[in-house]
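Trainee: Sequence plus the predicted model coming up.
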Amino acid sequence: FFFFVPVVAMSKRAKLDMEAATKCINTIRVLAADVVQKANSGHPGAPMGCAPMAHVLWSEVMNYNPSNPNWIGRDRFVLSNGHGCALQYIMLHLTGYDLSMDDLKNFRQLNSKTPGHPENTLTPGIEVSTGPLGQGISNAVGLAIAEAHLAATFNKEGFNVVDNYTYVICGDGCLQEGVSSEASALAGHLGLGKLIVLYDDNQIQIDGSTELAFTEDVLKRYEAYGWHTSAVDKGDSDIEGLYKAIQEAKAVTDKPSIIKVKTVIGFGATKQGTHSVHGSPLGPDDVKKVKKQFGFNPDESFAVPPEVAAHYAQLKEEGMAKEKAWNDLFDKYCAKFPKEGKQLQRRQLGALPDGWDQDLPVYKVGDKAMATRQYSQKCLEKLVANVPEFFGGCADLTPSTLTKVAANEKDFQKGAYDGNYLRFGVREHGMVAVCNGIAAYGMFIPFASTFLNFTGYAMGAVRLSALSHLQVVFIMTHDSIGLGEDGPTHQPVETLASLRATPNTRVLRPADGNEVTGAYCSALTNKHGPTFLVLTRQGCPVLKGSSAEGVARGAYVLNPDIVKFDVVLTGSGSEAGVAAEAAEILASKGVSARVVSFPSWELFDAQPGDYKESVFPTGVPVLSIEAAAITGWGKYSHGQMGMKTFGVSAPGGDAFKHFGLTAENMAANAQKLIAHFGGKPAPSLEHIVF
C-alpha cells in the first residue's frame, strides 16, 4: 500500500495519494474521539478539525526524530490551543515517540504521560507546556528568536548546523489573549521568517460562536504587525492547499507567517460546527457514528489500520536518517571550527563555561554604597561576557534596570540576529512568555527585566516558567516603597508574597553587593526553575559579615561574633541593613541582638534542621522586617514589621519613616518583643508540613 506517487508538483518527496492521506487523517479523528471518550473528559473538537493540518505537518513538512526528541536539528512544534492535546499525543504515538497506545488510553489519568494539557516535563516530544491560551504562540516567538540567534552566531558557509523552523497550531482563543498580541507584534518587528502559525479558524469558542466577541479581521491585524498572511478556505479536506500555503510561507524569509485555516470543529460528529463538541466527549453512540462514517469498525476502539501504521513508521525511519545526516555535518563542523563546536556541545549539555564565576565582584565594608540594581549591573558586565548563553533584555526600562552592558551592547534586531540584547518594548507578559520559549529551545539562560511591580502583568507566563521547570532569570528592580516618588501605583507590596507562594520559584532579595553576586551565582546554577532577583532603587551599603556564599544558605548570621543575644533581627534586601542598624542602637542600650540576612526563603527552607537551628535558636525571639506584605513571615519570626497597606508618593526615605520601617522603630519593637515574653523562652517556630 503506497501513500505517495512520483508527481513533483506537490512536494520534495512526492504528491500525496489523497485516498491514503484521507485514511490517515480519519484515523487521527477517530482516535481523538476514542481518547476523549475513554477518559470521559477532554476536548475532541479541535483534534478532529485540525487533523489535516497535523497530518501534513508530520508527514510532509517537519524534520524530527522520534527516537531522539531532543535532537538539536529538529523543527519545533507548539500546540498553542493546548486543550486539543489529544491531537498532539496521537501524532507522537503514530510517528513513534515513546508514547504507547496504552498511554493514549490513559489520557487525563493520574501519573499518565498524557495529561489534560501538554506538559513539557511529562511527555517526550512536547516542547512547551500549553493550555492557558496565548502562551504557546508566544513561546513560539521565543523558540524562533533562539534559532535565529544561534544560526547567526554559529553557522558558517556550507555549515548550517542551526537551521530549523517553528510551527504552531493555534485557535481563536489564543489570538484573543493579549499576550499573543504582545509577542506577535514583537515577532513581526523582528522579521522572524522561520516562525509559521496555522490558525484554526473554526469560528467556535466555549460560549458559542466567535461572533459573540471576536469579529476582527485577524489577517489584517497580523499584516499590520508585519506578518506574511494567507488562507486555506477548505482546511477539512484541501491537503494540497495546506501544503502549498506552508511552502509559500517558508519562501517568505523576512517575515513570520500566519495561515488562516478554515475548519469545522468536531468534523464528522453529529454536533460538528458547534460549541457542544469543544470540551465534552461525543458520547458512545456518536463515536460509533463517526467511525462508521469514516469507514472504521464502529465496535472497535483505538484501531490503527496497518497501512496507516506503516506510513507513520516510515517517517520515524526518515527522522533517524535526517539526524544521522545532521550528526555527520556537525562532526565536520567541529573539525573545522573546534571552538564553536565545543561551545555548542557545552551549551547543549547545559554546562556553564569553565571559570564563569571567577571574576565576579567582591565588596568590603566602606566601599561606595550603591543600589542593588547597580551592583547587579557590575555582575552583568562579567556574566554576559563570560556566559554567552546568558541572553535577554528588558521591557522598555533599560536605563532603570541597568541590564545593558558592554558585552551585550549590540541589540538583537531584524538583520542583526547576532545581537544579544532584546528590546521587548512595553510588553511584560509577552517578554516572559518569549523568554520561556527561549529557555525551552535549550542552550540559553534567558533573562527578563522590568520593575518588580510589573511582574503582575506577567504572572500568567511566570507561573508557566515554574511549572515547566524553565531556567529563566528575572531581574526585577524598584522593589519596594524605597523607589519613592512614583508612588503606590509603582511600589510593590503583595508581589513578593505572590512569588514566594508559587511552587518551584526561587526568590532572592539581596542586601548588598556581595549578596547580589551570590544571587547571580544561585540563579545561573538553578537549572530547573525560574529565579527572581529582587533589587532596590535606593543605595545599600556593604554590610559587615555579608558574603556571596551566605546567599546559598538562604539566611545566615551577619554578626557571628555575638554568641549571647536577647533577640534575633532579620530582614531581606535593604531591610537587612535596617536590622543591622537597629542592632547597633540596641547595643547602645545594653541589649544584644543577632542579625540575620534573609535573602531567600526557598534556599533556607532547603537547609538541614541543625543549620536552621544554628541561625534561629529555639527560645530566642525573632523580629523580622521587610518593606512588603508581612504574609508568610510568621513562619520565621515571632514579630513582623512590614506593609499592611499600599505605599505613598514621597521620597523613599520619607516613605520608610511614614510606615515605621526604620532602625529606631525596629529597635523599639525588639525591646517590646523581648518584654512580651517576660524572660521566658519564645515559642518554637518549627512548622510541620505534611
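Mentor: All right, it came through fine. Numbering: from 1, shown residues only.

Trainee: wouldn't Ala663 be in contact with Ala587 here?
Mentor: No. Using C-beta atoms under 8 Å, Ala663 is not in contact with Ala587, being 11.9 Å away. The way it works is simple: take the backbone N, C-alpha and C, and place the C-beta from them, glycine included.

Trainee: Looking at these two, which is more packed in?
Mentor: Remark: of Ala663 and Ala587, Ala663 carries more neighbours, 21 against 14, as counted by other C-beta atoms under 10 Å.

Trainee: That one and Ala576, how far apart?
Mentor: From Ala663 over to Ala576 the distance is 11 Å, taken as C-beta to C-beta, to the nearest Å.

Trainee: Over to Val473?
Mentor: 22 Å.

Trainee: For the two, indicate the residue with more neighbours.
Mentor: Ala576 (28 against 25).

Trainee: who touches the more buried one in this structure?
Mentor: Contacts of Ala576 were listed using C-beta atoms under 8 Å, 6 or more residues apart in numbering, and they are Ala511, Asp512, Leu543, Leu558, Thr570, Val595, Ser597, Phe598, Pro599.

Trainee: and with 6 Å instead?
Mentor: Ala511, Ser597 (C-beta atoms under 6 Å, 6 or more residues apart in numbering).

Trainee: can you check Ile259 too?
Mentor: Ile259 touches Leu198, Ser230, Ala245, counting by C-beta under 6 Å, 6+ apart.

Trainee: Repeat that for Pro47.
Mentor: Applying C-beta under 6 Å, 6+ apart, the residues near Pro47 are Ala32, Gly84, Ala86, Leu87.

Trainee: pLDDT wise, what is it at?
Mentor: Pro47 is assigned 98 on the pLDDT scale.

Trainee: Quick check: it is in a helix.
Mentor: Yes. Pro47 forms part of a helix when assessed by DSSP: H, G, I helix; E, B strand; the rest coil.

Trainee: could you measure it against Thr22, distance?
Mentor: 16 Å.

Trainee: what's the answer for Ser522, then?
Mentor: Remark: distance between Ser522 and Thr22 (C-beta to C-beta) = 55 Å.

Trainee: count of neighbours near the residue nearest to Gly116 when sequence neighbours are not counted?
Mentor: Residue nearest to Gly116 in three dimensions, not counting chain neighbours: Arg108, with 4.7 Å by C-beta to C-beta, 6 or more residues apart in numbering. Counted with other C-beta under 10 Å, the neighbours of Arg108 add up to 18.

Trainee: just to revisit the earlier point, among the contacts of Ile259, which are located in strands?
Mentor: Leu198, Ser230 (DSSP state E).

Trainee: What is the nearest of the contacts of Ile259 to Asn327?
Mentor: Among the contacts of Ile259, Leu198 lies closest to Asn327 (C-beta to C-beta), at 29.8 Å.

Trainee: Was I right to think that closest one contacts Val261?
Mentor: Yes. Look at Leu198 against Val261 with C-beta atoms under 6 Å: they come within range, at 5.5 Å.

Trainee: ok, back up a step: top of the contacts of Pro47 by neighbour count?
Mentor: Ranked by neighbours (other C-beta under 10 Å), the contacts of Pro47 are led by Ala32, which has 31 neighbours.

Trainee: Tell me how far that residue lies from Val168.
Mentor: When Ala32 is compared with Val168 (using C-beta to C-beta), they lie 19 Å apart.

Trainee: And the residue nearest to Tyr199 when sequence neighbours are not counted, how close does it get to Val168?
Mentor: Spatial nearest neighbour of Tyr199, chain neighbours left out: Lys260 (4.9 Å); criterion: C-beta to C-beta, 6+ apart. Per C-beta to C-beta, Lys260 is found 13 Å from Val168.

Trainee: Tell me which stretches of the stretch 51-200 of the chain form strands.
Mentor: 76-79, 166-171, 195-201 (DSSP state E, counting those that start in this stretch).

Trainee: pLDDT on the shortest one, on average?
Mentor: Confidence over strand 76-79 (mean pLDDT, whole number) is 98.

Trainee: repeat for the second one
Mentor: In this model, strand 166-171 has a mean pLDDT of 98.

Trainee: Same question for the longest one.
Mentor: With pLDDT averaged residue by residue, strand 195-201 scores 99.

Trainee: next one: stretch 327-334
Mentor: The model assigns stretch 327-334 a mean pLDDT of 98.

Trainee: who touches it?
Mentor: Contacts for stretch 327-334 (C-beta under 6 Å, 6+ apart): Phe159, Val161, Gly341.

Trainee: Name all residues that make contact with the residue nearest to Gly116.
Mentor: Here Arg108 is in contact with Ala39, Ser41, Gly116 (C-beta under 6 Å, 6+ apart).

Trainee: what does the model give it for pLDDT?
Mentor: 98.

Trainee: Now for the protein, the helix or strand with the poorest mean pLDDT.
Mentor: Using mean pLDDT, DSSP states H and E, strand 4-5 stands out as the lowest-scoring helix or strand of the chain, at a mean of 26.
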